[in-house]
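J.: Would you be able to build a 3D model of this:
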Amino acid sequence: MKRSLIALGSLLMLGGTASAQKVAFEEYNLDNGLHVILHQDKSAPVVITSVMYHVGSKDENPERTGFAHFFEHLLFEGTENIKRGDWFKIVTSNGGNNNANTSDDRTYYYEVFPSNNLELGLWLESERLMHPVINQIGVDTQNEVVKEEKRLRIDNQPYGSLIAEVKRNMFKVHPYRWATIGSMDHLDAATLGEFQAFNKKFYIPNNAVLVVAGDFDPAQAKKWISQYFGAIPKGTPVTRQKFEEKPITESFRARYEDPNVQLPMVVTAYRTPSMKTREARILDMISSILSDGKSSRMYKKIVDDKKMAMQIGAFNYSQEDAGLYIIYGMPMAGFTSEDLMKEADAEIVKLQNELISEREFTKLKNQFESRYVSSNSNVEGIAENLASFYLLYGDVNLINTEIDMYRSITREEIRDVAKKYLNPNQRMILDYVGSTEKAEK
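T.: Predicted coordinates for the structure are as follows:
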C-alpha cells in the first residue's frame with residue numbers, strides 16, 4: 001500500500017516542529033512484551049497510533065516468499081469484532097486515514113485521527129493484533145490484490161525489477177536475495193494453515209512496538225493502552241538465523257531484460273554493512289557527494305558538462321543486516337555503459353585518494369542538518385522514526401542523537417570508507433536492458 005496521507009495532511013504539517021528541536025518521548029513495556037513509545041505534540045489536534053512489527057521479507061520461508069507483504073494487506077481484512085470490509089469505513093467515517101508498508105526488515109501499520117479519536121485508533125490496532133480473522137476468503141481476495149499490485153508496480157513498470165535483480169545477484173545466502181513482494185507462485189501454493197502459522201509466529205506483542213504521537217493526554221493514553229493491549233498473550237520469542245555471505249573479491253556481470261524498457265541502464269552494486277553502523281552513515285554522505293542534486297560531482301560532470309547520461313545516481317540501500325551501495329546510469333546516444341562506468345569510477349577514485357574540500361564538506365553537513373529537520377518535521381515522520389529506531393536500531397533516542405553522529409564524521413573517514421567498500425573487484429555490474437524479443441517485433 002502506498003504511504004500517503006490524504007485526510008488531515010495539512011494538519012500534520014502544521015503539527016510538526018519547524019526546527020531541529022529535541023523530540024521528547026516516553027517509553028515502557030507491558031507485561032506481554034509490547035514496547036510502548038509516547039510522543040506528545042499539542043500544536044495540532046491530530047494523533048497517530050502506529051504499530052511496527054519486526055517481520056519483513058527476510059523472515060520468510062524461501063519456498064513461501066511474499067508472506068510479510070501479503071500480511072500488510074491481509075490484516076486489514078477484518079477481526080472478530082470488525083466485519084470484513086469495515087476497517088476503512090470505520091477510519092474514514094471518523095475523520096481519519098490509515099495505511100501500511102513493508103520492507104525486508106519490518107511491517108508498519110498506522111492510523112491518523114483527530115485527537116478525540118485516540119481510543120478508536122488504539123482499539124483498531126489491538127484488534128489487528130489480538131483478534132485477526134484469517135480465513136480462505138480473505139486470503140483469496142488479497143491474493144488477487146497483491147497480484148494486481150505486482151503487475152502495476154513491477155511487471156509493467158519500466159525498471160520496476162531493478163532493485164529485485166540487484167538483490168538477487170548480490171545475495172546468495174541471505175534472505176535479502178528475494179523481492180519484498182515475493183513470488184506469486186509461492187502465495188498460490190500456500191495453505192490457509194501456513195498463513196495462520198505465520199501470523200501466530202510474528203504478529204505478537206513481544207515482536208512489536210506501539211507508538212502514539214500527537215495531541216493526547218499521556219495518562220489517559222496509558223490507561224487505554226493497558227485496557228486494549230494488556231490482555232493480549234505474549235508469544236513465543238522469535239529466533240532469527242544469522243546469514244554470512246562470502247565477500248565479493250572479483251567483479252562479476254549480470255544481465256536482465258525488461259520488456260518495458262527502451263533505454264538501457266547500467267548498474268554497479270557493492271555490499272555494505274548494516275544500517276546500524278557508522279560506516280553506513282558515511283556511505284550516506286558519499287551518496288550525497290556523488291549524486292545529490294545538480295551540483296553533485298557525478299551529475300555535474302557526467303550529465304551537465306559531458307552530456308554522457310540522461311540520468312546518473314548513487315545511493316546507499318541500507319538494511320538491518322547488510323546493505324548495498326548502488327550506482328546507476330542511463331547513457332545518452334553515442335555513449336556506452338562502459339563510458340559511464342569509466343567516468344563514475346573516476347569520481348570514486350578521486351574520493352578514495354583526495355579529501356573533499358572544506359567548502360564541499362560544509363555544504364555536505366548542511367545537507368544532513370536539513371534532512372534531519374525534515375525527517376522530524378511532522379508527527380507522522382516522528383512516529384515512524386521512533387518505531388524504527390527502537391525496533392531496528394535498538395535505541396529510540398537516535399531520533400535526537402543520530403545527527404550528532406553525522407556531524408562527527410570526518411573527511412578522512414569519507415576517504416577511507418570509499419577505499420574500503422567501493423572497489424571494482426568488490427562489485428556486480430548489471431546490464432538492465434530492453435527485451436530482445438520485444439525489439440525483434
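J.: Residue 354 and residue 415: what is the separation?
T.: Separation of residue 354 from residue 415 (Cβ to Cβ, to the nearest Å) stands at 7 Å. In this view, the C-beta of every residue, glycine as well, is placed from N, C-alpha and C.
J.: shaky segments in this structure?
T.: Within the chain, the segments meeting pLDDT under 70 span 1-20, 436-441.
J.: quick one: contacts for the residue nearest the centre of it?
T.: With distances taken as Cα atoms, centre = their mean, residue 103 lies nearest the centre of the chain, 5.1 Å away. Listed by Cβ atoms under 8 Å, 6 or more residues apart in numbering, the contact partners of residue 103 are 56-57, 180, 319.
J.: And the strands in the stretch 301-441 of the chain?
T.: Listed in chain order, the strands of the stretch 301-441 of the chain (DSSP state E, counting those that start in this stretch) span residues 309-317, 323-331, 427-434.
J.: who wins for proximity to residue 364 among those strands?
T.: strand 309-317 (14.0 Å; Cβ to Cβ).
J.: What lies in contact with that closest one?
T.: Contacts to strand 309-317, defined as Cβ under 8 Å, 6+ apart, come from residues 163, 263, 272, 280, 283-284, 286-287, 290-291, 298-299, 302-303, 323-332, 335, 340, 344.
J.: Between strand 323-331 and it, find me the angle.
T.: Interaxial angle of strand 309-317 relative to strand 323-331 (axes from the mean of the first three to the mean of the last three Cα atoms, to 10 degrees): 180 degrees.
J.: Buried residues of strand 309-317, list them for me.
T.: For strand 309-317, the neighbour count (16 or more other Cβ atoms under 10 Å) marks 309, 312-317 as buried.
J.: can I get these in a markdown table with distance to residue 149?
T.: As requested, the buried residues of strand 309-317 are exported to a markdown table (distance: Cβ to Cβ, whole Å):
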| residue | distance to residue 149 |
| --- | --- |
| 309 | 31 |
| 312 | 29 |
| 313 | 25 |
| 314 | 28 |
| 315 | 24 |
| 316 | 26 |
| 317 | 21 |
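J.: Please look at residue 164 and residue 154 and confirm they touch.
T.: Yes: checked against Cβ atoms under 8 Å, the pair residue 164 and residue 154 is within contact range at 7.4 Å.
J.: Mutual contacts of those two, please.
T.: Shared contacts of residue 164 and residue 154, counting by Cβ under 8 Å, 6+ apart, come down to residue 179.
J.: Which one's more surrounded, residue 354 and residue 415?
T.: Neighbours were counted for residue 354 and for residue 415 using other Cβ atoms under 10 Å; residue 415 has more, 19 against 10.
J.: which residue packs closest to the more buried one, ignoring adjacent ones?
T.: Once flanking residues are discounted, residue 415 sits nearest to residue 355: 5.8 Å by Cβ to Cβ, 6 or more residues apart in numbering.
J.: what's the one you found sitting at in phi/psi?
T.: Reported as degrees, to the nearest 10, the phi and psi values for residue 355 are phi -70, psi 140.
J.: Repeat that for residue 36.
T.: Dihedral angles of residue 36 (phi, psi; degrees, to the nearest 10) stand at phi -120, psi 130.
J.: how close does it sit to residue 42?
T.: From residue 36 to residue 42 the distance is 19 Å (Cβ to Cβ).
J.: Those two: who's more crowded?
T.: Set residue 36 next to residue 42 and count neighbours by other Cβ under 10 Å: residue 36 wins out with 20 against 12.
J.: Pretty sure that one sits against residue 50.
T.: No: between residue 36 and residue 50 there is no contact under Cβ under 8 Å: 11.4 Å.
J.: tell me, what's touching those two both at once?
T.: With Cβ under 8 Å, 6+ apart, residue 36 and residue 50 have common neighbours 210-211.
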